[in-house]
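Asks: prediction below, plus the sequence it came from.
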Amino acid sequence: MDIKNEVERQFNILKRGCEEIINEAELKLRLEKSLKENKPLKIKLGIDPTGTDLHIGHAVPLRKLKQFQELGHTVQFLIGTFTARIGDPTGKSETRKMLTPEDIQKNIATYLEQVFLILDSEKTEILYNADWLEKLSLQDFLGLLSQFTVAQMISREDFAKRLAENKPVSLVEFMYPILQGYDSVAMKCDIELGATEQKFNILKGRDLQKNFGMDPQICMLLPILEGLDGVEKMSKSLNNYISITDTPNDMFGKIMSISDDLMFRYYEIITDIPLEEIAQLKADMENGTLHPMEIKKRLGSEVVAIYHNKEEGLKAREWFENVFSKKNLDVELPEVELEYTETGVIDILVKHLNLLSSTSEARRLIQQGGLKINDEPVKDINHMVTPEAGMIIRAGKKKIVKVK
């Protein structure tokens with residue numbers, strides 16, 4: 001093996017999609033040492049099981065872990081069974097609610113099921129930080145605290161902002177980045193992955209490892225994926241997300257709803273299509289050789305193929321074209337249950353079907369002619385309808401369901 005060339009090959013694979021690597025020279029040296037000693041690097045990604053669903057924004061670092069696995073390195077997937085009780089304050093405008101051990105255990109089961117849709121379970125080390133954090137003595141803990149200053153903590157952007165607005169910051173929240181940093185010491189990791197907003201926390205791990213006489217970890221910071229609206233970050237609470245367990249048709253349809261600009265960002269961040277090919281697709285769109293719809297359909301098929309398979313990606317495209325391009329409704333549609341009682345259309349859209357996230361959004365859709373029932377437009381926001389078997393409800397261009 002030509003070690004120099006192999007270092008460059010691995011580096012180029014791993015660098016793609018990263019917002020920042022601290023630092024690139026150290027990463028190359030670490031890769032070179034790994035190859036010379038035939039010793040895989042230890043790659044850390046930590047998550048707190050604060051919910052039950054993973055979306056393709058969560059999948060960005062998971063897919064980077066998968067690349068490390070394919071290159072022969074050791075993936076250490078850390079579940080914050082201790083830190084989840086505190087709650088990561090990153091990006092939060094108020095103190096997070098502390099989770100109970102029961103909540104944490106319930107969430108872990110569903111997280112792992114979804115994580116292993118991406119990672120190879122046999123090549124993944126699952127670690128729990130309660131295993132070492134609960135064993136720290138008071139003396140150990142005070143020793144950790146002594147390595148940081150209050151000035152360092154309040155320099156953190158989200159803490160500084162809350163303090164400037166006279167919002168409380170609990171002392172427990174100051175502990176979070178310190179404990180996350182100690183995880184890196186306990187795990188002896190070489191590289192830690194995280195979103196750009198995790199930079200402060202990951203750098204604390206680097207500092208602590210130095211203080212413990214260890215080689216400091218490489219910080220690999222990944223972008224925060226925008227949601228379907230192209231504005232806010234992808235989030236279940238904002239209903240602008242694609243779950244990694246969505247059906248192929250739902251996944252494809254959601255991709256088709258994004259803007260042309262966001263489409264190319266998704267291509268780069270959430271697919272493995274070579275960057276040169278993505279650049280060519282963009283050029284072809286700009287010079288009129290390719291229609292944006294065709295490029296977006298390819299993206300939809302690619303995303304479905306990642307989380308299902310290539311055949312499902314092609315079938316999802318065919319289904320979409322039948323329903324939305326050819327308007328052929330003699331195909332299988334998502335079926336929903338509704339009570340056969342007279343109900344307002346806004347309640348049906350928002351409360352019963354969850355097709356839209358708010359009453360105001362439903363009003364806008366209806367007033368703009370975006371609601372159709374059995375292919376008939378409904379423009380009255382006060383319209384009442386009695387659901388019946390076989391009724392087809394279409395909300396906007398991409399959301400369509402059939403009543404059981």
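Replies: Here it is on my side, so go on.
Asks: show me where pLDDT drops low in the stretch 1-150 of the chain?
Replies: 87-98 (pLDDT under 70).
Asks: what ranges does it have for its helices?
Replies: Remark: helices assigned in the stretch 1-150 of the chain by DSSP state H, counting those that start in this stretch are 3-15, 24-37, 59-70, 101-115, 130-133, 138-145, 150-154.
Asks: got a list of contacts for the shortest one?
Replies: Right, the one you point to is helix 130-133. If you take CB atoms under 8 Å, 6 or more residues apart in numbering as the criterion, helix 130-133 is touched by 81-83, 179, 182-183, 186. Glycine gets a C-beta too; all of them are placed from N, C-alpha and C.
Asks: and of these, the nearest to L208?
Replies: In terms of CB to CB, no member of these lies closer to L208 than Y182, at 6.0 Å.
Asks: which strand residues bridge the closest residue to G369 other than its chain neighbours?
Replies: Leaving aside its sequence neighbours, G369 sits nearest to P377 (CB to CB, 6 or more residues apart in numbering; 5.3 Å). Beta-bridge partners for P377, by DSSP bridges, are K372.
Asks: thought P377 was touching L371?
Replies: Yes. Using CB atoms under 8 Å, P377 makes contact with L371 at a distance of 7.0 Å.
Asks: so these two - more neighbours on which side?
Replies: Using other CB atoms under 10 Å as the criterion, P377 and L371 rank with L371 on top: 27 against 11.
Asks: pLDDT at the more buried one, what is it?
Replies: Note for L371: predicted pLDDT of 90.
Asks: and for the closest residue in space to it that isn't next to it in sequence, the neighbour number?
Replies: Closest residue to L371 apart from its sequence neighbours, by CB to CB, 6+ apart: V378 at 4.7 Å. Residues contacting V378 under the criterion other CB under 10 Å number 18.
Asks: if I look at V378, how far off is G369?
Replies: Per CB to CB, to the nearest Å, V378 is found 9 Å from G369.
Asks: just E232 next, same as before
Replies: Counting by CB to CB, the gap from E232 to G369 is 26 Å.
Asks: which one of the two has more residues nearby?
Replies: Applying other CB under 10 Å to E232 and G369 shows that E232 carries more neighbours, namely 13 against 10.
Asks: list the contacts of the more buried one.
Replies: 226, 238, 240.
Asks: for stretch 291-304, buried residues please.
Replies: Under the neighbour-count criterion of 16 or more other CB atoms under 10 Å, stretch 291-304 has 295-304 buried.
Asks: restricted to helices, list those.
Replies: Among these, the residues falling in helices (DSSP state H) are 295-304.
Asks: just flag the most distant two among the residues you listed.
Replies: I295 and V304 (15.4 Å).
Asks: mind giving me the PyMOL command for buried ones among the contacts of E232?
Replies: Here is the PyMOL command that picks out the buried ones among the contacts of E232, judged by 16+ other CB under 10 Å:
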select buried, resi 226+240
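Asks: flag the least confident of the contacts of E232.
Replies: Note: of the contacts of E232, the lowest pLDDT belongs to L238, at 80.
Asks: how much space between that one and I306?
Replies: In terms of CB to CB, L238 sits 23 Å off from I306.
Asks: just I218 next, same as before
Replies: Taking CB to CB as the measure, I218 falls 26 Å from I306.
Asks: looking at the two, which is more packed in?
Replies: Shown here are I218 and I306; by other CB under 10 Å, I218 has more neighbours (26 against 20).
Asks: what's opposite that one in the beta bridge?
Replies: I191.
Asks: can you check the pLDDT for it?
Replies: pLDDT at I218 comes out at 97.
Asks: ok, back up a step: how about the helices of the stretch 1-150 of the chain, which one is nearest D347?
Replies: helix 101-115 (29.3 Å).
Asks: give me the helices and strands touching that closest one, please.
Replies: strand 74-79 (3 or more CB pairs under 8 Å, 6 or more residues apart in numbering; DSSP states H and E).
Asks: just how off-centre is the strand it packs on within its chain?
Replies: Mean-position distance between strand 74-79 and its chain equals 17 Å (CA atoms, centre = their mean, to the nearest Å).
Asks: now do it against helix 101-115: the angle between them, please.
Replies: When axes from the mean of the first three to the mean of the last three CA atoms, to 10 degrees is applied, the directions of strand 74-79 and helix 101-115 differ by 140 degrees.
Asks: quick one: strands adjacent to strand 74-79?
Replies: When pairing is defined by DSSP bridges, strand 74-79 lines up against strand 42-47 (parallel), strand 124-128 (parallel).
Asks: sounds good, over and out.
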